[in-house]
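[1] have a look at this fold, sequence not included:
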């Protein structure tokens, strides 16, 4: 009983910062994640579930995935006899069910279920197979190949296949190109929060990168600016012109490395309307283009 109460106390201590942040920020993450329960696209459930399964096998590597799965089978078999096995099984199976339920209605990003991996690793300790060296060695080899591709790009993969190219390549070069286009005193904005965050990291300090969505009120990125600025927008997305007195398309820049393009971005020179309140400036809508969520 003492151990149980101690565990509950530690759990409450760990979750308190999350609850406190939400309580002081309008329960933002609870509303965001809770809203996912309304996602429902059963016609694409097979695609989403397949992506979830294949993504996990890829992240775990096939050999380790086999150990993880068989470890859970062993835990479930011993759940009635061993309270510890029952606890570990619940800590793995329950969140896995949450991800499967979400995959019936919408896409689950491959990295989300990684929070279950520590429990899966503990469960895998019950498995006694002579193939463990092959599983571990295969995981190390695959991991080394992934790191080599991310760092040196020896294989001519497209951005669709090469996640490192798509997510990480060419941001500093793109920032340099934007800096040569921007005029002194102009702000830099983006149509999506990922691009805004990346540019906020690598743009020269003399060019403030601002968030143009309501969510930025919850974080430290500046918002509610006025005057002239540069809007950086993926061609697949669009943004509302209502907040600007003028919108002038400048051109298109390519982000990538070694001659392979990660993405194209369009640049617009915009002027913020002077009659907007700070709250309205913050709520500028950057919406997916038709057919994109």
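    Everything's here; your move. Just so you know, these numbers come straight off a predicted model, no measurement behind them.
[2] please identify the buried residues of the one helix or strand residue 196 maps to?
    If you go by DSSP states H and E, residue 196 is part of helix 193-202. By 16 or more other Cβ atoms under 10 Å, the buried positions in helix 193-202 come out as 193, 195, 196, 198, 199, 200. All C-beta spots, glycine's among them, are computed from the backbone N, C-alpha and C.
[3] now the residues you listed as JSON lines including pLDDT and distance to residue 226?
    Formatted as JSON lines, the buried residues of helix 193-202 follow (pLDDT from 0 to 100; distance: Cβ to Cβ, whole Å):
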{"residue": "193", "pLDDT": "79", "distance to residue 226": "21"}
{"residue": "195", "pLDDT": "88", "distance to residue 226": "21"}
{"residue": "196", "pLDDT": "85", "distance to residue 226": "18"}
{"residue": "198", "pLDDT": "91", "distance to residue 226": "24"}
{"residue": "199", "pLDDT": "91", "distance to residue 226": "19"}
{"residue": "200", "pLDDT": "87", "distance to residue 226": "19"}
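[4] dump those into a markdown table; add distance to residue 145 as well.
    Listed next are the buried residues of helix 193-202 as a markdown table, based on distance: Cβ to Cβ, whole Å:
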| residue | distance to residue 145 |
| --- | --- |
| 193 | 31 |
| 195 | 28 |
| 196 | 32 |
| 198 | 25 |
| 199 | 30 |
| 200 | 31 |
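[5] give me the phi and psi for residue 33.
    The phi/psi pair for residue 33 (degrees, to the nearest 10) reads phi -70, psi -40.
[6] tell me what the helix holding residue 196 is packed against?
    Helix 193-202 is packed against helix 171-181, strand 187-190, strand 209-210, with contacts defined by 3 or more Cβ pairs under 8 Å, 6 or more residues apart in numbering; DSSP states H and E.
[7] which one of the ones you listed lies nearest to residue 272?
    strand 187-190 (8.5 Å; Cβ to Cβ).
[8] give me the distance from that closest one to the chain's centre.
    Going by Cα atoms, centre = their mean, to the nearest Å, the spacing between the C-alpha centre of strand 187-190 and its chain's C-alpha centre is 21 Å.
[9] same question for stretch 144-164.
    In terms of Cα atoms, centre = their mean, the centre of stretch 144-164 is set 19 Å apart from its chain centre.
[10] average pLDDT across that stretch?
    Across stretch 144-164, the average pLDDT comes to 89.
[11] what's around the residue nearest to residue 80 when sequence neighbours are not counted, how many residues?
    Leaving aside its sequence neighbours, residue 80 sits nearest to residue 86 (Cβ to Cβ, 6 or more residues apart in numbering; 7.4 Å). Residue 86 has 15 neighbours, counted by other Cβ atoms under 10 Å.
[12] do residue 41 as well
    Residue 41: 13 surrounding residues under other Cβ under 10 Å.
[13] roughly how far does it sit from residue 104?
    Look at residue 41 and residue 104: by Cβ to Cβ, to the nearest Å, they are 8 Å apart.
[14] I appreciate the help and will end here.
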